[in-house]
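Undergrad: what follows is a predicted structure for the sequence shown.
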Amino acid sequence: MKNKIILTAAALLFLASSGMFAATLYVGTEGSAIGDYYTEIQAAVDAATPGDLILVSNGVYNTGGGIEAGSYLTNRVFCDIAIEIRSVDGPDTTIILGAPDPNTGGHGPAAVRGACLPMNAAATISGFTFSNGYTGISGDSNREQGGGGARIRHMNLITNCVIIGNFAYGRGGGLNLQVGTAADCMIINNVALNNTGGGVFAQGANMYDCIVKNNTGPFGGGIYGYDTLKIYNTTVSGNSAVHATQGKGGGMLLLRTGDVQDCTVFDNTAQVWGGGIATEWGVPTIRRCTVYNNTTITHNGGGIYLYQGGAVHDSLVYGNDSGNHGGGIFVDRGGSVYSSTFAQNTAVGNGGGGYIYTSGKSINCIFYDNTAAGAVNLGSSPDCTNWYSCADPLPAIAESGGSIATNPAFVNASIQNFRLQVSSPCINSGTNAYASSTDLDGNPRIQGGTVDMGCYEFIPEPGIIGLISLLSLAFLRRK
């Protein structure tokens, strides 16, 4: 996990005694409960009042539990008040176990989920591993059927946790995140059996600095998200969307609105659409992401699939494979791609780099060194827009102003360095009307008066800048 701050037991005890919390309760697996010491986490939660801190020592916690009002599903930890539940030494040594329904061996009314922080509790849970959680098969697809590992709702935070090996009948095999926040968490090897989000179901939620890996679900193998979702600085890899006829979004599936920034998405698989990322309707936006080595089995968009909306900005898409069209990206009936690079992708059908279909746009982009049976780099239907982009050959479409058909002169494509050489024809060849503020490296756009094509703005080496300055000075002296 990224940027994780580990606090020692002594440090935690200092904070606990410093007056930052109303009271501190302690949980451990040894001895008997007495005073402010408990042997089950739920017992400490039940005794706490708002503002308290619960410190949990190392161990495996597989007894106790609580139930949300109006529900039937037991949660190993249920907290509906504003407290913090924190392990002393982190998730490697502090484990919360759910349980299958003993009557079914899996999902059912007697199953136990890992944790639930319900709406508006303003609670935080930090530093645990959640595993072996299960859900019910009846009731609400979120409340009773979602989030085998944890269900985190509005105003609640889960941080520095590992959610691994959980199962949900409904939404979110590992984590069900409805208007909650997950930060610095690992969500690994979870399964959504009958609904969306093998790793995470996220509605109007925030995810920061997370790892989502090797999860499986019918739709949105890693993450299924919608409604003002924010996913930042997150790695999504090895996930699968497995529905035989509708499996889409191997890494993530985004609906309506959402913002994905500075993420890495690789080695994911979708049965049908969007091996790495799929979007549907509205304006989900993908910014400064690297999307590589993803696959669709039967249909379109090995790396990315945009359907009736969505936009990609300043992203690198390479090494993806499509079972039909659009090895790097397939833009289907709307959607736009800006200042991005598509290289070394493969499609069985048309558009190895990308296929822009019906009213789609590609502006300030590079499509080069891709492979397909037809339209090797870029395929398009006649009513699409391809402005100020580089593809060889260019598609025969209605609007292709400012585009060039030539080698973009990557620095070293053999090691996936797709930055531009100083001689690249893509430098200062885009249109500033669609330029963003920074490129994939975080460098400011428009270095030389006009934005460059592709995901990287050309930044001259210091020696080149010095040479240019000397030549300019010599020229001025001659005048």
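TA: Looks like it came in fine.
Undergrad: from now on I want contacts and neighbour counts done on CA atoms only, so please keep to that.
TA: OK.
Undergrad: domain-wise, how is the protein divided?
TA: With domains defined by automatic domain parsing, the chain comprises 1-217, 273-479.
Undergrad: distance from the chain centre to the first one, please.
TA: Same thing as domain 1-217. 20 Å (C-alpha atoms, centre = their mean, to the nearest Å).
Undergrad: repeat that for stretch 241-251.
TA: Chain-centre distance of stretch 241-251: 16 Å, with C-alpha atoms, centre = their mean.
Undergrad: list the contacts of stretch 157-164.
TA: Identification of contacts with stretch 157-164 by C-alpha atoms under 8 Å, 6 or more residues apart in numbering yields 1, 4, 90-91, 122-132, 149-150, 152, 174-175, 180-190.
Undergrad: ends of it, how far apart?
TA: One end of stretch 157-164 sits 18 Å from the other (C-alpha to C-alpha, to the nearest Å).
Undergrad: ok, E68 - contacts?
TA: Per C-alpha under 8 Å, 6+ apart, neighbours of E68: 74, 78, 116, 118.
Undergrad: wait, the second one touches C116, no?
TA: Yes - applying C-alpha atoms under 8 Å as the test, F78 and C116 come out as touching, 5.0 Å apart.
Undergrad: any idea what I34 is bridged to?
TA: When bridges are called by DSSP bridges, I34 pairs up with Y37.
Undergrad: oops, could you answer that again for Y292 instead?
TA: F266, Y318.
Undergrad: likewise for S322?
TA: Assessed by DSSP bridges, S322 has beta-bridge partners A347.
Undergrad: which parts of this structure are helices?
TA: 9-17, 41-47, 462-478 (DSSP state H).
Undergrad: show me where the protein dips below the pLDDT cut-off.
TA: Within the chain, the ranges that satisfy pLDDT under 70 run 1-20, 397-399, 463-479.
Undergrad: from what I can see T385 touches T358, true?
TA: No - using C-alpha under 8 Å, T385 is not in contact with T358; the gap is 9.4 Å.
Undergrad: pick out whichever of those two has more residues nearby.
TA: Using other C-alpha atoms under 10 Å as the criterion, T385 and T358 rank with T385 on top: 22 against 18.
Undergrad: how far away is the more buried one from T63?
TA: T385 is 60 Å from T63, by C-alpha to C-alpha.
Undergrad: who has more neighbours out of F78 and C116?
TA: Between F78 and C116, C116 has the larger neighbour count (other C-alpha under 10 Å), namely 27 against 24.
Undergrad: quick check, the more buried one in contact with L73.
TA: No - counting by C-alpha under 8 Å, C116 does not reach L73; the two are 10.0 Å apart.
Undergrad: which non-adjacent residue is nearest A409?
TA: Spatial nearest neighbour of A409, chain neighbours left out: S424 (5.0 Å); criterion: C-alpha to C-alpha, 6 or more residues apart in numbering.
Undergrad: next step: the contacts of E68 restricted to strands.
TA: With DSSP state E as the criterion, strands contain 74, 78, 116 from among the contacts of E68.
Undergrad: contacts only, for F367.
TA: With C-alpha under 8 Å, 6+ apart, F367 has these contacts: 341-343, 353-354, 377-378, 389-392.
Undergrad: redo the residues you listed as TSV? Include distance to D439.
TA: Output for the contacts of F367, formatted as TSV (distance: C-alpha to C-alpha, whole Å):
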residue	distance to D439
T341	11
F342	15
A343	17
G353	20
G354	20
N377	22
L378	22
S389	16
C390	17
A391	20
D392	23
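Undergrad: out of those, who has the most neighbours?
TA: G353 (39 neighbours).
Undergrad: quick one: which of the domains of the chain is nearest C263?
TA: domain 273-479 (4.8 Å; C-alpha to C-alpha).
Undergrad: Serialize the domains of the chain to a markdown table and add fields for distance to T228.
TA: Listed next are the domains of the chain as a markdown table, based on distance: least, C-alpha to C-alpha, whole Å:
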| stretch | distance to T228 |
| --- | --- |
| domain 1-217 | 5 |
| domain 273-479 | 9 |
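Undergrad: count of neighbours near Y72?
TA: For Y72, the count of nearby residues is 17 (other C-alpha under 10 Å).
Undergrad: list the contacts of the spatially closest residue to it that is not a sequence neighbour.
TA: In this structure, Y72 finds its nearest non-sequential neighbour in P109, 6.9 Å apart by C-alpha to C-alpha, 6+ apart. Contact analysis of P109 by C-alpha under 8 Å, 6+ apart lists 72-73, 101, 135-138.
Undergrad: so what's V337 bridging to?
TA: Counting by DSSP bridges, V337 forms beta bridges with V312, S362.
Undergrad: so how far is S381 from it?
TA: For V337, the distance to S381 - C-alpha to C-alpha - is 15 Å.
Undergrad: swap in Y226?
TA: Counting by C-alpha to C-alpha, the gap from Y226 to S381 is 29 Å.
Undergrad: again with Y38
TA: Look at Y38 and S381: by C-alpha to C-alpha, they are 66 Å apart.
Undergrad: over to F130?
TA: 48 Å.
Undergrad: tell me which of these two has more neighbours.
TA: Using other C-alpha under 10 Å, the more surrounded residue of F130 and S381 is F130, with 29 against 16.
Undergrad: that one against T93, yeah?
TA: No - with contact defined as C-alpha under 8 Å, F130 does not count as touching T93 (11.3 Å).
Undergrad: hmm, who's touching stretch 46-60?
TA: Contacts of stretch 46-60 (C-alpha under 8 Å, 6+ apart): 16, 21-29, 41, 44-45, 81-89, 93-97.
Undergrad: mind listing which of the residues you listed are in strands?
TA: Filtering the contacts of stretch 46-60 for strands - DSSP E - leaves 24-27, 84-87, 94-97.
Undergrad: could I get those as CSV with distance to G323 and neighbour count?
TA: Converted to CSV, these look like this (distance: C-alpha to C-alpha, whole Å; neighbours: other C-alpha atoms under 10 Å):
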residue, distance to G323, neighbour count
T24, 57, 21
L25, 56, 20
Y26, 55, 22
V27, 53, 25
E84, 48, 23
I85, 47, 25
R86, 46, 23
S87, 46, 28
T94, 43, 22
I95, 41, 23
I96, 41, 24
L97, 40, 23
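Undergrad: got these as TSV, with distance to N233 columns?
TA: Below are these laid out as TSV (distance: C-alpha to C-alpha, whole Å):
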residue	distance to N233
T24	33
L25	34
Y26	34
V27	33
E84	25
I85	25
R86	24
S87	25
T94	26
I95	26
I96	26
L97	28
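Undergrad: give me the number of residues near the nearest residue to L193 once chain neighbours are set aside?
TA: What sits nearest to L193 in space, not counting adjacent residues and going by C-alpha to C-alpha, 6+ apart, is Y169, at 5.0 Å. When neighbours are defined as other C-alpha under 10 Å, Y169 has 27 of them.
Undergrad: I'd say Y169 and G133 touch.
TA: No - Y169 is beyond contact range of G133, at 11.0 Å (criterion: C-alpha under 8 Å).
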